[in-house]
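J.: Show me the folded form of this:
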Amino acid sequence: MAAWGVLKAVLVDLNGTLHIGDSAVPVSQEALKRLRSTPVTIRFVTNTMKECKRDLLESLTKLGFDIAENEIFTSLTAARNLLEQKQVWPLLLVDDKALPDFTGIATDDPSAVAVVVGLAPKHFHYEMMNKAFQ
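T.: Numbers count the residues shown, from 1 in each chain. Alright, predicted model coming up:
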């Protein structure tokens, strides 16, 4: 058993740890409940770039997990944070389902100075690649 007084936070990977696809990993809900009974801060991390945080949260909720949206940190979260920190306009090469995580970020500026690349096969074509490299 960990020394809870020393441990400040736990990062829990989502896919493969709490769920695999559309199924919860057996006993993962109970394990999360036990972890929540401790004084540590819990954050959930994932490198998925194919869906927005809201959709991911909805899927996790349907699987029986008690998780708040602000507890989830994704690759899209990191990308958005960096865009805001650097104050740059991006060209987003991400799946349409990931776009809500960039709401409020100006993406229509023709002088985009950053390119965010995610899992988006339909955006990988000559016209878009040409735009990205201009």
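
J.: Could you use CA atoms for every contact and neighbour count after this?
T.: Noted.

J.: what's stretch 50-61 in contact with?
T.: The contact list for stretch 50-61 (CA atoms under 8 Å, 6 or more residues apart in numbering) reads 22, 67-69, 72, 74, 76, 94-95, 97-101, 118-120.

J.: Narrow the residues you listed to those in helices?
T.: Among the contacts of stretch 50-61, the members falling in helices (DSSP state H) are Leu76.

J.: Filter the contacts of stretch 50-61 down to the buried ones.
T.: 67, 72, 74, 76, 94-95, 98-99, 101, 118, 120 (16 or more other CA atoms under 10 Å).

J.: Nearest to Phe44, out of these: which one, please.
T.: Ile72 (4.7 Å; CA to CA).

J.: Just give the closest residue to Lys122, not the sequence neighbours.
T.: Asp95 (7.9 Å; CA to CA, 6 or more residues apart in numbering).

J.: ranges for the helices of the protein?
T.: 28-36, 53-62, 75-86, 126-132.

J.: Which one of the ones you listed lies nearest to Asn47?
T.: helix 75-86 (4.9 Å).

J.: what comes up buried for that closest one?
T.: Of the residues in helix 75-86, those buried (16+ other CA under 10 Å) are 75-77, 79-80, 83.

J.: For that helix, give me every contacting residue.
T.: By CA under 8 Å, 6+ apart, the list of residues contacting helix 75-86 reads 46-49, 52, 89-90, 98, 101-102, 105, 114, 116.

J.: quick one: average pLDDT of that helix?
T.: Here helix 75-86 scores 93 as its mean pLDDT.
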